[in-house]
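Novice: next one to model:
(2 chains)
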Amino acid sequence: MYKYTQEQLDSMKKVEATRQERLNNLFARMSADEKQKVLKENHPDYIDSAYEELKVGPNKGGKVLHELADLLQGRSRVLDMDLDLTKPDYDVDVLVIGGGGSGSCAAIEADNAGAKVMMVTKLRIGDANTMMAEGGIQAADKPNDSPAIHYLDAFGGGHFAAKPELLYKLVNDAPDCIKWLNELGVMFDKDKDGTMITTHGGGTSRKRMHACKDYSGAEIMRTLRDEVLNRGIPVVDFTSAIELIKDVEGKVAGAVLLNMETKEIKIARAKTVVIATGGAGRLHYQGFPTSNHYGATADGLVLGYRAGAKLLYADTLQYHPTGVAEPTQIFGALVTEKVRSLGAQLVNKDGEAFVYSLETRDVTASSIIRECRQRDNGIKTTDGEGVWLDTPMIEMIGGEGTIEKRIPAMLRMFGKYGIDIRKEPILVYPTLHYQNGGLDISADGMTTNVPNLFVAGEAVGGIHGRNRLMGNSLLDIIVFGRNAGKSVGKVYKNVELKELTLDHVKAFDKELKDAGLNPTKLSPQLLPNYTIQKDI
Amino acid sequence: MEKMVNVFLFGKKYEVPASLTIMTAMEYAGYQLVRGCGCRNGFCGACATIYRIKGDKELKACLACQTQVEDNMYVATLPFFPLVKQVYDIEKVTPSQQIMMQLYPEIYACIGCNACTKSCTQDLNVMQYIAYAQRGDHEKCAEESFDCVMCGVCSSRCPAGISHPQVAELSRRIYGKYIAPETQHLLDRVKEIEDGKYVELIETLMNKPIEELKELYNNREIEK
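Specialist: This is a model prediction of the structure:
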């Protein structure tokens, strides 16, 4: 039994007392105006003081969070290095930077096209947000659904800001991607007759969330990893890309690589480069905890930006409504939205529901913040405050055993601290989860203004607009990972590289100085520093 | 004042807050992690760790990110273990028992010591799923091993040299591809898309003014 405070225990009793009534009377959905109001007043994206204007680069004048501005306008590591670019250590057709889902998909498809591919990753292949995606992956493959309905759900959920050509690709390629994964051996949850077991996610109008229990991302990632290894695609691990290399014609032409352990530098020459570096949760924007993996530090955005690639919607982040608020050991860890898809409700300290459980993520997160900060209806926790997520409702709706069968990872994660989510509700608060924005690409996956530089996965901006629906991220890494792989598989054949150069890095540094900036902070960040010791 | 405990990281004593996990205790002590740290949420298997509480005979294994420190805990991380991963072509394997005999014959050398199960960081019945793999029962092996994070602790304890996580990975892929029932509605939809059935529908949406799309979105029918 977990050691809750007396206040928490008293509040939990109130949650139990209202459970049956709440089950019978669902909280109403918000109107469009109500959503706008709760977002404006509570969503972290609307806190002006957290943002600053970029002084240099392709998005000069645009606003990003302070933490990202420091890195985009940081100091390149290569400025202090004397590098010989004429004798590359690696010479490939396709260089994939990042070892997650989108990088693996790109590598597999480029390999299919006959390209000589190499992956580099600063940790191991599979140490990525893909591995941690729990709830599922969307695809409109049921008879009552269609890619057009999926399009409207995602476009509206993203506040009508998605790039239509990218969203079109996302929804239209979705069923084929599920089929592709299935044929690679991914074990989707199915009925005996093969029908996919699907649920709602926040903001979906059809049940199109496919899942592999609540290890959806892990099951997909380990399958992709196994496939990359079966194909013998070289994976250079514990090696980060610290700068992109161009040729004298301005085409991207490779990357400077850093061994994370020995600090050795290697030069990779490549006819095409795919940035698949994922998100930025470990920058802890606005002091939020994060559900992201250890390496999520926006490296790809920095690399691309210095090479001249534009950012789109880099000012908008996703705070997942339900990060763990208690116990402190797993503070900020993800509690999958699937918990709410299966029927658990959000409840305040008095046992009252205060929001429809499956509003879009930004609206739900904002409602939780409002309940705690504006209305003082939160419950105090070790690290701050939170609200209840009433998990026992799941088995009242789905029957005994539902939790063990459908969300075993959640049962296990809380079980380690003596909390049985089948019998007790859990405490949650929003956690930094996803980078809605990123590098701007066209439908072929190439950046809009740097030749032969492609981007896939969470490092892309514009697929989802200004908010992303559950299950559209696992989908986007597969769709746009494969897409980038197929594109580079064609493009590399016609690329003739000229002399390699890092002049763009020097030029960017000059721009910084001209703007009165003289940064000392090295970027990209590569890893967060959680040690309390100072460098000696 | 926060309660403190003594932990021994690779044998060296550090005093750390009792509320920390093994991983955050290492960082508190001053280790900037590169190895042995991945998702920090119990899904990636990067932080396999072996420990013993002083005075306790039993050697325990865990994920460092998912385990709270205890007083007098002796900790050694296992950031890498040389698992054997056999290379195969998923298009050419057959859902048979033979494939296991070909690729992972060492599973038949299992002596039934159960050290794998006892050490599993996910509390899986590892020896049981290896038994299913021996019989070529891919469905049961896949199901029993499904929550595996491939941390490799089981293999580090195995006297027969079995790479349990890789055996299970093969069974899961075989099950997912060849044995699980086919999904007709998926195949139908993919065919429709290939035939261009939805192009016009989506393009019509794409070309509508935002105000009209807002109307459509706010009034769309939502499946119960």
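Novice: buried stuff in stretch A:342-351?
Specialist: By neighbour count on 16 or more other CB atoms under 10 Å in any protein chain shown, the buried set for stretch A:342-351 is A:L342, A:G343, A:A344, A:Q345, A:L346, A:V347, A:N348, A:K349, A:G351. Every C-beta, even on glycine, is put in place using the N, C-alpha and C of the backbone.
Novice: same check on stretch A:91-102?
Specialist: A:D91, A:V92, A:D93, A:V94, A:L95, A:V96, A:I97, A:G98, A:G99, A:G100, A:G101, A:S102.
Novice: how about the fifth one: what's its closest non-neighbour residue?
Specialist: Looking back up the chat, that one is A:L95. Distances taken as CB to CB, 6 or more residues apart in numbering or on different chains put A:A270 closest to A:L95, at 3.6 Å, once the chain neighbours are dropped.
Novice: isn't A:G61 right up against A:A515?
Specialist: No. Using CB atoms under 8 Å, A:G61 is not in contact with A:A515, being 11.5 Å away.
Novice: what about these two, which has more around it?
Specialist: Ranked by neighbour count (other CB atoms under 10 Å in any protein chain shown), A:G61 and A:A515 place A:A515 first, with 14 against 8.
Novice: wait, the more buried one sits on A:E53?
Specialist: No. Under the contact definition of CB under 8 Å, A:A515 does not touch A:E53, with a separation of 10.9 Å.
Novice: domain map for the chain?
Specialist: Using chain A here. A:6-30+A:318-432, A:75-316+A:436-503 (automatic domain parsing).
Novice: oops, chain B please
Specialist: If you go by automatic domain parsing, chain B breaks into B:4-77, B:98-179, B:187-216.
Novice: so what would you say the end-to-end distance of the second one is?
Specialist: Read that as domain B:98-179. In domain B:98-179, first residue to last residue: 16 Å (CA to CA, to the nearest Å).
Novice: now residue 201. Nearest residue, chain neighbours left out?
Specialist: Going with chain A. A:G201's closest residue in space is A:M470 (CB to CB, 6+ apart), at 3.4 Å.
Novice: to clarify, I was referring to chain B.
Specialist: A:A148 is the one closest to B:L201 (CB to CB, 6+ apart), at 4.1 Å.
Novice: for A:Y319, same thing?
Specialist: According to CB to CB, 6+ apart, the nearest residue to A:Y319 is A:P430 (4.1 Å).
Novice: swap in A:H293?
Specialist: B:C39 (4.3 Å).
Novice: quote the end-to-end distance of stretch B:39-54.
Specialist: In stretch B:39-54, first residue to last residue: 29 Å (CA to CA).
Novice: one step back: next step: the buried residues of stretch A:342-351 restricted to strands.
Specialist: The strands, defined by DSSP state E, take in A:Q345, A:L346, A:V347 from these.
Novice: now, which of the residues you listed sits nearest B:Q134?
Specialist: Taking CB to CB as the measure, B:Q134 sits nearest to A:Q345 out of these, at 45.6 Å.
Novice: can you put the buried residues of stretch A:342-351 in a markdown table and add distance to A:P321 and pLDDT?
Specialist: Putting these into a markdown table (distance: CB to CB, whole Å; pLDDT from 0 to 100) gives the following:
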| residue | distance to A:P321 | pLDDT |
| --- | --- | --- |
| A:L342 | 15 | 96 |
| A:G343 | 16 | 96 |
| A:A344 | 12 | 97 |
| A:Q345 | 12 | 98 |
| A:L346 | 7 | 98 |
| A:V347 | 13 | 98 |
| A:N348 | 14 | 98 |
| A:K349 | 17 | 98 |
| A:G351 | 19 | 97 |
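Novice: adjacent strands (with direction) for the host helix or strand of A:V92?
Specialist: A:V92 is part of strand A:90-97 when elements are defined by DSSP states H and E. Here strand A:90-97 has these sheet partners by DSSP bridges: strand A:117-120 (parallel), strand A:265-275 (parallel).
Novice: report the mean per-residue pLDDT for the helix or strand that the shortest one is followed by.
Specialist: To tie it back to what came earlier, the one meant is strand A:117-120. Where DSSP H and E defines the elements, the next helix or strand beyond strand A:117-120 is helix A:129-132. Mean per-residue pLDDT for helix A:129-132: 96.
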